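> got a predicted structure here, sequence first:
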Amino acid sequence: MSRIAIITGASSGMGRRFAQTAAMHVAFDELWVIARREDRLEALSQELDGQTVRRIPMDLTDGEALERFTCTLAAENPEIVLLVNAAGFGKFQAVEDVPRKTADSMLALNCSALMDMCYICLPYMKAGSRVLNIASVAAFQPVPYITEYAATKAFVLNFSRGLWKELRPKGITVTALCPYWTKTEFFDVANNRTEKDRITYFNAMYDPVDVVNRGWRDLLKGRDLSTFGFIARMQILLVKILPHRLVMKVWCGQQKIAD
Ligand SMILES: NC(=O)c1ccc[n+]([C@@H]2O[C@H](COP(=O)([O-])OP(=O)(O)OC[C@H]3O[C@@H](n4cnc5c(N)ncnc54)[C@H](OP(=O)(O)O)[C@@H]3O)[C@@H](O)[C@H]2O)c1
């Protein structure tokens, strides 16, 4: 039985960095990398010379593609030692300015596809297998003008932590990584470069290498939650104690958005 690691969102940003990190540290036979841009997956596999990389170009919001992936696993029956769900996107606009189709895709990718990947992969995991789902610091509070995104990440956080508890007796761990602003292509996707972009102020911007290193360390320790950076930790703490109306007022003030 071959041992495999699966990373979604491996074509850029934190997913790509997780793929590089896994290739350096985990013992497995194949690394399966998933995203839509095949050329990026090809470049990654060339970079990870010496590692057997299987490129799986697919849209995770496509139900038929997920079915084909499920059938591939059933046919090969591997042991999945690692699953990293990094694929996701957000939009920096008011709910009324985000097309409904885009909001539906966000929900489909950030929540349904992530949950489906857990459902699909768990039957192939054993004691010692690890799951890491990327949520966000935004998961802990309502965040106007990135409203749908923050709501999807609240789902990811709570789904992951609940699953962490359920799978403990089996020795499988689930870590919710909650990054603060991190310098990736996320911002190219979130901004439409029009006057409708409302999020313009970023009080800190972390390096994906540092965020992934912390996530990796916490994943190996089997922690349910992983955050990187003093500002991230302070924010999570403060939004637990402060009324969320006040938290939203401060956020809008930072973004220079009138109440
Ligand atoms: N950057 C931040 O400030 C930040 C903060 C908190 C949380 N996060 C979360 O961190 C995770 C990684 O994001 P990132 O910052 O690394 O951004 P990124 O560089 O834009 O990476 C997003 C990845 O998702 C993949 N993806 C997007 N739509 C997809 C689809 N329909 N099917 C399959 N793959 C898809 C993209 O690949 P293709 O385009 O090739 O499909 C890409 O590899 C996301 O869940 C994001 O929400 C980011």
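Nice, I can see it.
> ok, residue 36 to the ligand distance?
As judged by Cβ to the nearest ligand atom, to the nearest Å, residue 36 and the ligand stand 3 Å apart. Just so you know, the C-beta spots here come from the backbone N, C-alpha and C atoms, and that holds for glycine as well.
> wait, residue 113
Distance, residue 113 to the ligand, using Cβ to the nearest ligand atom: 7 Å.
> run a quick neighbour tally on that residue.
24 (other Cβ atoms under 10 Å).
> start the count at 21 instead of 1 going forward.
Sounds good: first residue 21 from here, last item residue 133.
> and the strands in the stretch 121-270 of the chain, which stretches?
Here the stretch 121-270 of the chain has its strands, by DSSP state E, counting those that start in this stretch, at 150-154, 193-197, 245-246.
> what are the contacting residues of the last one?
Contacting residues not belonging to strand 245-246 are listed as 152, 181, 195-198, 234-235, 237-239 [Cβ atoms under 8 Å, 6 or more residues apart in numbering].
> before we move on, what about the second one?
Applying Cβ under 8 Å, 6+ apart, the set of residues contacting strand 193-197 from outside is 34, 138, 149-155, 159, 176-177, 180-181, 183-184, 187, 231, 234-235, 238-239, 242-247.
> alpha carbons of stretch 188-202, as CSV, please.
Below are the C-alpha coordinates for stretch 188-202, written out as CSV (Å, rounded to 0.1, in the frame of the first residue of the first chain):
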residue,chain,number,x,y,z
ARG,A,188,-8.5,12.0,18.7
PRO,A,189,-9.4,8.4,19.8
LYS,A,190,-8.3,7.2,16.4
GLY,A,191,-4.9,9.1,16.6
ILE,A,192,-5.7,11.3,13.6
THR,A,193,-5.2,15.0,14.2
VAL,A,194,-6.8,18.0,12.5
THR,A,195,-5.2,21.4,12.8
ALA,A,196,-7.0,24.7,11.9
LEU,A,197,-4.3,27.2,10.7
CYS,A,198,-5.6,30.8,11.2
PRO,A,199,-3.2,33.1,9.3
TYR,A,200,-3.3,36.9,9.6
TRP,A,201,-2.7,38.9,6.4
THR,A,202,-0.1,36.9,4.5
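> quick one on the thing from earlier: now the strands of the stretch 121-270 of the chain as a markdown table including mean pLDDT, mean neighbour count and distance to residue 279?
A markdown table is the format used below for the strands of the stretch 121-270 of the chain (pLDDT from 0 to 100; neighbours: other Cβ atoms under 10 Å; distance: least, Cβ to Cβ, whole Å):
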| stretch | mean pLDDT | mean neighbour count | distance to residue 279 |
| --- | --- | --- | --- |
| strand 150-154 | 98 | 26 | 31 |
| strand 193-197 | 98 | 26 | 31 |
| strand 245-246 | 98 | 18 | 32 |
